[in-house]
Structures are given as structure tokens and as C-alpha cells.
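Engineer: Structural data only, the sequence is not supplied:
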């Protein structure tokens, strides 16, 4: 016997019908009948009997249902109290690629929260595999994954297998990020060949499901340079860009405010063949909270700022 059995029995008593109760419970009649039978077997007596007036409770069943409905009422009261407490406890968990426009959206979200209430926020920058794992195993509610559009079928298959919902956020081409003093920063137009003597900064943990890491790295990293610095968190990239001559990165477009703050520029480059996509993911059946929805609104604003800064 479990809580669902109690809910099923209470609904059957209310409707005096297995068919009507099954419809209200959004389940099939055979499954409901089977559940009631399991309940009665666990109790050792019949809760219901069939009459010309429909399904009615037995004497023992009536006594049982009085207690069952009291339990259900207490559960409802407890859930109501929990939901009230939950509304006063600001919770947000997300795993994302290392992208400044996403960080800007998160910062705006944090600034908008009520500092008088409890706050429990987790923001994890990582690759697509870890973002998916965090949702499936580590109690994260949201994730954003990034992939080349050429690999989209691999990711769509994986999300289907893991029962994850997904919503497109942005499809874009990378821009080259560099310090304002970089020799290429003042050039009006750039091609990939301009970077052959530069040092590429890359995040060293790309991931594509079902593909070997060597193939993924070959597809992700520029073939025009053999000078790379691998990093695994975003803060280091600005120290390298600002202090090490000839360094650059391929990144998603940044909002202008972020460029100004870090004394860097982003340059569109002719001849890029790869397009990328950022995709929001969460468990199938998960309902986005007001805080989640607010973050998505801020994400759209930050994306628009980043797009405008590339066009200006």
C-alpha cells in the first residue's frame, strides 16, 4: 500500500465508478482496477463492492477511507506549507558552456533576487557531457550545452535517450577575441590565415557523444596554428589575452560592456565554416520556475546585446 493507492481509492469513492475515477486520474481503467485489487489484497478485506447504483464502499472500506482521506489531507497541508517555504527560498541551478553572455544573464538574475529571502544558487561552467550529467545525477535543474551544428544529430539522439527536453537559444559563428593591443585588432577585415603565427587559447575539454576525443579536438581546434594554451576555466583567459602577446580565442560574441571591462575586442573572421548552437536542456516533466523563466528572459537580453556588439 502506498499514497497513490489512497488517492485512487478516494477518487473511486467520490465518483462511485472505476471508469469515471480512471478518467479523472488520467489512467486506464484496467490499471486502476489492478491498483484497487492490490490495495485490497494488502489490507486483507474488500474496500468496494459493485451494486446496481455503482461502486460503493463496504463497512470496513468506509472506515479505511475515513483514515485514508485524513492522511491525504495532512499530506496536502504539508505540501502547501512546503510550497510556501519553497517560494521564499530562491533556488537556481545551471551548468553552462564558458560564455560571457550567459554569465551576464546570470549576474542580472542574481541582482534581481530578493536579498531578504534565502538564496541557494549554483552556476557551473563546464562541457556538454558534464552539464547533462549534472541534470541526471547531481540535482541541477537546467543546463546549456554548446555544439557545432554538424554534430547536432549526435546530441539530439543523446537527449532523446536521456529523456531531456531541449530549446534552442542561439545559433552563431565564433568571433576572434583578442587584446586591444593585438597586432590584428586594428585590421578592418581578417581571414583565418591571419592567425597562423598566433597563440590559440582553448578550453581543453570539448565533447561530442559517440566520438573519440582526438576527432572532436581536431574538429574544434584551429588547424592554422600549432601553438595552443589549454585552459579549463574562463577567468584565466583574460589574463592570457591581456598579458601574453599574440594570444587569441574563438568565442561566442560578447556584450560590449564585457569587452570594455576586459580591454578586449572581438573580430569577425572571413571564411569560417563552423556554426555553433547553444541549447537549453532540462528533464522531461520538469516545470520551469519563475526564477528559471526570469533567467531565460535575461539570457535573451544578453544574447541580443552580444549580437548588437558584433554588428556595431
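Structural biologist: In hand now; what should we look at? Keep in mind that what you see is a predicted model, and the values were worked out from it rather than measured.

Engineer: after the helix or strand bottoming out on mean pLDDT in the chain, next one along is what?
Structural biologist: The least trusted helix or strand in the chain, going by mean pLDDT, DSSP states H and E, turns out to be helix 213-220, with a mean of 58. Following the chain from helix 213-220 toward its C-terminal end, the next helix or strand by DSSP states H and E is strand 228-231.

Engineer: So for that next one, what gets flagged as buried?
Structural biologist: For strand 228-231, a neighbour-count test (16 or more other C-beta atoms under 10 Å) marks residue 231 as buried. Bear in mind the C-beta positions are built from the backbone N, C-alpha and C, glycine included.

Engineer: Can you give the distance from the helix or strand just after it to the centre of its chain?
Structural biologist: Counting by DSSP H and E, the next helix or strand C-terminal to strand 228-231 is helix 235-243. Relative to its chain's centre, helix 235-243 lies at 28 Å (C-alpha atoms, centre = their mean, to the nearest Å).

Engineer: Over to stretch 138-153?
Structural biologist: The answer for stretch 138-153 is 8 Å, by C-alpha atoms, centre = their mean.

Engineer: Would you mind listing the buried residues in that stretch?
Structural biologist: Neighbour-count burial for stretch 138-153, counted by 16+ other C-beta under 10 Å, picks out 140, 141, 142, 143, 144, 145, 146, 147, 148, 151.

Engineer: from the residues you listed, which ones fall inside strands?
Structural biologist: 142, 143, 144, 145, 146, 147, 148 (DSSP state E).

Engineer: The longest helix seen in the chain: what's the following helix or strand?
Structural biologist: In the chain, taking DSSP state H as the definition, the longest helix is helix 59-88. Next helix or strand after helix 59-88 toward the C-terminus (DSSP H and E): strand 89-96.

Engineer: in that following strand, what counts as buried?
Structural biologist: Neighbour-count burial for strand 89-96, counted by 16+ other C-beta under 10 Å, picks out 90, 92, 93, 94, 95, 96.

Engineer: Am I right that the fourth one is in contact with residue 295?
Structural biologist: Right, the one you point to is residue 94. Yes - the criterion here is C-beta atoms under 8 Å, and residue 94 meets it with residue 295 at 7.4 Å.
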